[in-house]
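Student: model the following, please.
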Amino acid sequence: MNTKVKGYILGGIAAAAYGMNPLFALPLYREGMDPDSVLFFRYLLAIPLLGIMLKARGRSFRLKRNEVLPLAIMGLLMAFSSLALFFSYNYMDAGIASTLLFVYPVLVALIMSLVFKEKLTMLTGLCILLALLGIALLYRNGDGTTLSLTGTLLVLVSALCYAVYIVGVNRGVLREIATVKVTFYVLLFGLALFLVRLNFGRDICLPDKWYLWGNLIALAVFPTAISLLCTTSAIQYIGSTPTAILGALEPVTAVFFGVTVFGESLTPRIVCGIAMIILAVTFIVAGGSVSPYLVRFRKLFPKLSVRRGRNSAC
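Tutor: So this is what the prediction gives:
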């Protein structure tokens, strides 16, 4: 198998693994667990996995003084993004929520244009319009019914927090820190939010069935560790832009499990809306204006070099 094929396979696995959030979270909700408790355990169980990855790469856990506050802010942003998304599952189908979340690259493009004065190209403008039309199709059904406004706002807040996070970790002192180290401390600082919301552990809802612990572990392993590792390896083989484009499999995976496992509806109108959003994001990423901000894992495995013809991956 040549390196490009490996890269595309790994990129697909990374995106599909991240799209498994609803698959493992919704059964926990049905058994009475709340989003704060689910996310507390997801972060708590993922931190040791990231710590092992950090040590395996020979990285130090030590932080400089000027790195602590930016990492704490990024951790809170990520935690708010996760919390808003997981709360949205209570108001709308998880597949729809995951698709709406996928507009975050569009928001990255807007942030870079409005805040950092990057030129907004005609292609990006058309893609933003296409994404908005896709959202409109998802929001209002053919029979006149609409999605939950609360759920929709929660997902958009989640996407905005994630977009700000993506821009933030690519600027200032955080730009010079290996991504696995950033992710480790983002999860660690983010965990503090759930700990406070859960009254410092006194209000944690524990699973009352042994197999539900498997769901919690799976949340830490698949959408976190496996997705991160496969994303990193995919970039080594095929680069950041194709890997980011393969991220379109994230909402597709969520929709697939939502329909097949949880019986969520899938109408032609919903399919068209999902397709428009995925196309809009794909064109934005392929245009190259935001792809450097979407996937920044090149420094995660700095000693690994993959030969691709005359070039080696970063």
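
Student: poorly predicted segments of the stretch 51-200 of the chain, please.
Tutor: 140-145 (pLDDT under 70).

Student: what's around Ala79, how many residues?
Tutor: Applying other CB atoms under 10 Å, we find 23 other residues in the vicinity of Ala79. All C-beta atoms are positioned from the backbone trio N, CA, C, and that covers glycine.

Student: where's it relative to Ala225, distance?
Tutor: 18 Å (CB to CB, to the nearest Å).

Student: gap between the helix or strand in which Val68 is found and the chain center?
Tutor: Val68 is part of helix 65-88, with elements assigned from DSSP states H and E. Relative to the centre of its chain, helix 65-88 is centred 13 Å away, using CA atoms, centre = their mean, to the nearest Å.

Student: what of stretch 218-227?
Tutor: 11 Å.

Student: hmm, Ala248 and Gly11 touching each other?
Tutor: No: Gly11 is not in contact with Ala248 according to CB atoms under 8 Å; the separation is 10.4 Å.

Student: compare those two (neighbour count), which wins?
Tutor: Between Gly11 and Ala248, counting by other CB under 10 Å, Gly11 is the more crowded of the two (26 against 21).

Student: let me see the contact set for that one.
Tutor: Gly11 makes contact with Cys230, Thr231, Ala234, Ile238, Pro242, Thr243, Leu246, according to CB atoms under 8 Å, 6 or more residues apart in numbering.

Student: return the subset of those lying in strands.
Tutor: By the criterion of DSSP state E, membership of the contacts of Gly11 in strands covers no residue at all.

Student: which of the residues you listed fall in helices?
Tutor: Applying DSSP state H to those, the entries found in helices are Cys230, Thr231, Ala234, Ile238, Pro242, Thr243.

Student: widest-spaced pair of the residues you listed?
Tutor: Cys230 and Pro242 (13.4 Å; CB to CB).

Student: so what pLDDT did the nearest residue in space to Phe194 that is not next to it in sequence get?
Tutor: Of all residues not flanking Phe194 in the chain, Phe40 sits nearest, at 4.0 Å (CB to CB, 6 or more residues apart in numbering). pLDDT, Phe40: 95.

Student: I appreciate the help and will end here.
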